[in-house]
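Engineer: No letters, just coordinates:
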């Protein structure tokens, strides 16, 4: 039991150093980037939109407002140059 606690203590102490070093190996071994890229390329457009929509949903209002302001500014520039 004492040995187990000592080993756990050593591992916990070194864990902050070990974990970051494992990221590159894990990504390479599991081919995460390639797998995600392949799966996304084969998604039908409606499913792809379903994946992206939650990402943008949080900022949807901001995107609409900024788009409206940019459109307004472009319109005003057109009026000013005519």
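Structural biologist: That came through, no problem. The shown structure was predicted, so the numbers you read here are calculated from the model rather than taken from an experiment.

Engineer: From now on I want contacts and neighbour counts done on CA atoms only, so please keep to that.
Structural biologist: OK.

Engineer: Count the neighbours of residue 17 for me.
Structural biologist: Other residues lying near residue 17 total 11 when counted by other CA atoms under 10 Å.

Engineer: With residue 52 as the reference, measure out to it.
Structural biologist: Distance, residue 17 to residue 52, by CA to CA, to the nearest Å: 34 Å.

Engineer: Got the confidence number for the residue positioned nearest the centre of the chain?
Structural biologist: Nearest to the mean C-alpha position of the chain, by CA atoms, centre = their mean, lies residue 55 at 8.5 Å. Predicted confidence (pLDDT) at residue 55: the value is 81.

Engineer: so after the helix or strand hosting it, what's the next helix or strand?
Structural biologist: Here residue 55 sits within helix 45-57, counting by DSSP states H and E. Downstream of helix 45-57, the first helix or strand assigned by DSSP H and E is helix 60-81.

Engineer: angle of that next one against helix 45-57?
Structural biologist: Our comparison of helix 60-81 with helix 45-57, counting by axes from the mean of the first three to the mean of the last three CA atoms, to 10 degrees, yields an angle of 90 degrees.
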